[in-house]
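S.K.: sharing a model prediction with you, sequence too.
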Amino acid sequence: MGQTSFGVFLTCKENLFFNHATLMADKKRAIADRRNFLQSSVLGAAGVGLAVSSSSSVAVAETNEGTNKPVVANEVDVLVVGGGTAGTIAAIQAGRAGARTLLVERNFQLGGATTTGGVAFPGLFDAWGEQVIAGIGWELVKESVELDGGRFPNFAKVPRSHWMNQVHVNQFVYALLAEEKCREADVEIAYYEFPEAVVKTDAGWQVDCIGFGTRRRVKCKQIIDCTGGAEVVGMLGFERLREKERQPGSYLYQLGSSHNPASKQLHRLYVHGADSTNSRTATLANLTGRKSILAKVRKDKKRLMHLQPETGFRESYRIKGETLITVQDYTTGKLFDDAVSNAFYPVDLHTKTGVRPKPLKRGIVPSIPLRALIPKGSRNLIVAGRCVSSDRLANSGLRVQASCMGMGQAAAVAATLAVQGNTTPLEVPLAEVHALLKKHGAIIPVKA
Amino acid sequence: MAGSGVWAFAQPFSIQVIGLHALTGFIFIAVIGLHVANNFVPLKKYLKNRMVWLVSAITIALGALFYFQPSPIKAVLGLSGNLGPALDRFEMTDDGMKYDYAPSPSYKLSLDIRTGSTYSLENPPRLAVWLENQSFYHIKTLYSSETTDAKEMLPYWAFKVKGWEQAKAEAEKKGVDLNETVDAVSGATRNGSFDPADYILPGETNSSMPYRVMIEINQTDDSSKKLKDQPSLVYQVEVDNFDPLAFQLLELVGYPVKEMTEENEEEWAIYYVDERFGSAMSLINSALLTIDRSP
């Protein structure tokens, strides 16, 4: 292994990391930076000749003498960025379907909104008396409830209100099971890391991730962006949609009485302007939320029994996909010709004054087309989760956990089949996508 | 007084006419008092006349009849244009049933229920129509079949009525203001007022509190291929009190099933209708709710 070359590579790379971090605000310079990085990366990779296991995604860690920082390299079929609601399911699905899979998560556990955000009542898996979303997401939820001795809503019963059919899970059990299922599917998990730069290669992508004390270079054929705000899509310069004002986030906590995470909702504090776009805005949201909760503890003179690690974010960027789900499509239950998953939730736009969910009309079950998961004009890139290509009102219903889980599974199936067929997700025959989804327990949208 | 009384009977409810009628009533009582005071001795002699007692007995009997309102009296009163501040009228039509409810001249609610192909005129199904608030409390029964088995045949409506009465009694006993009670799970849904007028009087136009119009219908001994006796069916529509739609169709919700809660209390829940149901689905062709609200 050429240590000298490797050192050169690291120097170039480190310079680039520094440059990129400091120039993020300037898009033009950032693009130039990516070009430089591409050149450096190609040189570095050629010189280093990193040893990658031929049978798995396991990387070889090296130590640079100059900086004493570890370097990790991975060569995988599918890189899932974001281990939240959609990403966890996507990674498990990709792994189970035989793809060498790496899951990169900026936080410290899997589950996202369900675990770190504390929204431990995912829904909605049912509509009008029938289950409409199943697959790996449901499997994980079901096992979490069973292991915790919890209860399931009766889907045959008409709920008085939509939230009554959300499934209460123990957020801690859910996070543990998610990790176990990833391990069983041979998915490698990289916590505390996030992509710093992404470049296109002949074989797919080269993604540089950075975490504390870790720099990782990933070569992959497909990327599934499950970051919530389509951060990878943004890095690549594809168009994204964003509102001037975002829906408030929710910081969940419990005052005064012990928290039963399996059966009781936490108290909710709206964090207006909460924005998960970057570490600065996320930090601001967390500081704001926690400051308000501390004030409430002092005011109410009650003990703080539980506090989630971070704000639950509702809205940031959405992709502009090959198609866009409008609120008309959503509320009329349009069955797209390339539908890969169902969704079900009221139109649920939170504002400064609260929320007034608008239930869907009887019998309506919206569907999610594959094209809404693919950034317009992209190849070998697919998203899943709340950044699905949709208008704001449609997104207010699509963004919920069960729907995101369904999207995660569908995106992973499309990406895995694209790897196997040496093509891009959009060009995978729909019948193959449906067949593999069915094989893994997912429910394919059908005409009502 | 006679004039204002006939006027109040003939035209829709008007607080002005009622006020005038009340005034003439008070004047009439005062005049009677003065008359008795001035003619006490001669009037005392009348008490020996049997005719006076007969007239008094007839008056008391008529008073009782008009107070308790058996069906024939109700029919007579139904001719009035004014049934009080909550004017309601239920009538059978050639196609079905029509229910009108007009809390004020500027707010009229009309429910037009068209009977379906399995509706039997000889043995009509039991029917209840009621209003529920946002927290699913029964707030007012608009109509219910006057048969002895109505509560048994319409268990969901009976459960709602019972629950409402219990909650109301408990609240009165404890002096609790239910308007301040917060739904424990949703964390945001306030219970509605006990007073249905709060929801449907046009004076509350700045209130966005929705309410529901509910129907429960059940045909006796109506078997289907898979059910010995099909349960009752529940229909509903939600009305936005802030900006109500002029026309809305009630939708089939499901059928009621008795369950026991974790606290071992009886509860009736609604379940989605499945393939076991047959003729019960055709008892009602459609139910149209019309709301006419003038500014």
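M.R.: Structure received. Model, not experiment: these values are computed from the prediction.

S.K.: residue of chain B nearest chain A, please.
M.R.: Going by C-beta to the nearest C-beta, chain A is nearest to residue B:272 of chain B, at 3.1 Å. From N, CA and C alone the C-beta is placed, and that goes for glycine too.

S.K.: mind listing the helices for the chain?
M.R.: All of this refers to chain A. Applying DSSP state H to chain A gives helices spanning A:3-22, A:27-48, A:85-96, A:135-147, A:171-184, A:231-235, A:279-300, A:327-332, A:392-398, A:401-420, A:430-439.

S.K.: wrong one, chain B
M.R.: So, for chain B - with DSSP H - the helices run B:2-10, B:15-38, B:40-46, B:50-68, B:71-77, B:150-153, B:155-174, B:196-200.

S.K.: can you say which of these is nearest to residue B:115?
M.R.: helix B:150-153 (17.0 Å; C-beta to C-beta).

S.K.: contact partners of that closest one?
M.R.: Outside helix B:150-153, the residues within contact range by C-beta atoms under 8 Å, 6 or more residues apart in numbering or on different chains are B:126, B:128, B:144-145, B:147, B:157-158, B:218, B:220, B:232.

S.K.: 6 Å - rerun?
M.R.: Residues outside helix B:150-153 that contact it (C-beta atoms under 6 Å, 6 or more residues apart in numbering or on different chains): B:126, B:144, B:158, B:218.

S.K.: pull the number of nearby residues for the last one.
M.R.: A count of neighbours around residue B:218, defined by other C-beta atoms under 10 Å in any protein chain shown, yields 28.

S.K.: how close does the spatially closest residue to residue A:303 that is not a sequence neighbour get to chain B?
M.R.: Excluding the flanking residues, the one nearest residue A:303 by C-beta to C-beta, 6 or more residues apart in numbering or on different chains is residue A:256, at 6.3 Å. Going from residue A:256 to chain B by C-beta to the nearest C-beta, to the nearest Å gives 14 Å.

S.K.: quick one, phi/psi of residue A:256?
M.R.: Main-chain torsions, residue A:256, degrees, to the nearest 10: phi 80, psi -30.

S.K.: can you give me the end-to-end span of stretch A:380-394?
M.R.: Taking C-alpha to C-alpha, to the nearest Å, stretch A:380-394 runs 26 Å from one end to the other.

S.K.: which residues touch that stretch?
M.R.: Applying C-beta under 6 Å, 6+ apart, the external contacts of stretch A:380-394 come out as A:86, A:90, A:204, A:222-226, A:228-230, A:243, A:317-319, A:321, A:324-327, A:330, A:347, A:372-375, A:398-399, A:404, A:407-408, A:411, A:414-415, A:424-425.

S.K.: which among those residues count as buried?
M.R.: A:86, A:90, A:204, A:222-226, A:228-230, A:317-319, A:321, A:324-325, A:327, A:330, A:347, A:372-375, A:398-399, A:404, A:407-408, A:411, A:414-415, A:424-425 (16 or more other C-beta atoms under 10 Å in any protein chain shown).

S.K.: least confident secondary structure element in chain B?
M.R.: Taking mean pLDDT, DSSP states H and E as the measure, chain B has helix B:196-200 as its least confident helix or strand, at a mean of 41.

S.K.: pull the number of nearby residues for the residue of the stretch 151-300 of chain A found nearest chain B.
M.R.: With C-beta to the nearest C-beta as the measure, residue A:158 is the residue of the stretch 151-300 of chain A nearest to chain B, at 4.1 Å. Residues lying near residue A:158 (other C-beta under 10 Å) number 21.

S.K.: next, work out how far apart the residue lying closest to residue A:403 once chain neighbours are set aside and residue A:94 are.
M.R.: Spatial nearest neighbour of residue A:403, excluding adjacent residues (C-beta to C-beta, 6+ apart): residue A:343 at 3.8 Å. Going from residue A:343 to residue A:94 by C-beta to C-beta, to the nearest Å gives 21 Å.

S.K.: pLDDT wise, what is residue 63 at?
M.R.: Reading this off chain A. pLDDT recorded at residue A:63 is 48.

S.K.: was after chain B, sorry
M.R.: You'll see residue B:63 listed with a pLDDT of 90.

S.K.: how about the contacts made by it?
M.R.: Residue B:63 neighbours (C-beta under 6 Å, 6+ apart): none.

S.K.: got it, and residue A:119?
M.R.: Residues near residue A:119 by C-beta under 6 Å, 6+ apart: A:113, A:312.

S.K.: so it versus chain B, what's the distance?
M.R.: Counting by C-beta to the nearest C-beta - residue A:119 and chain B are separated by 13 Å.

S.K.: how about the residues of the stretch 101-250 of chain B near chain A?
M.R.: Residues of the stretch 101-250 of chain B lying close to chain A by C-beta under 6 Å from any C-beta of the partner chain are residue B:136.

S.K.: so, low pLDDT: which residues of chain B?
M.R.: B:11-15, B:78-88, B:103-105, B:175-209, B:295 (pLDDT under 70).

S.K.: domain ranges for it?
M.R.: Segmentation of chain B into domains, based on automatic domain parsing, reads B:2-77, B:88-293.

S.K.: just the ones you listed: most buried one?
M.R.: Ranked by mean neighbour count under mean count of other C-beta atoms under 10 Å in any protein chain shown, those are led by domain B:88-293, which reaches a mean of 16.

S.K.: for chain B, give me its nearest residue in the stretch 101-250 of chain A.
M.R.: For the stretch 101-250 of chain A, C-beta to the nearest C-beta, closest residue to chain B: residue A:129, 3.1 Å.

S.K.: contacting residues around the closest residue to that residue other than its chain neighbours?
M.R.: Nearest residue to residue A:129 in three dimensions, chain neighbours excluded: residue B:272, at 3.1 Å (C-beta to C-beta, 6+ apart). Residue B:272 makes contact with A:129, A:156, A:158, B:254, according to C-beta under 6 Å, 6+ apart.
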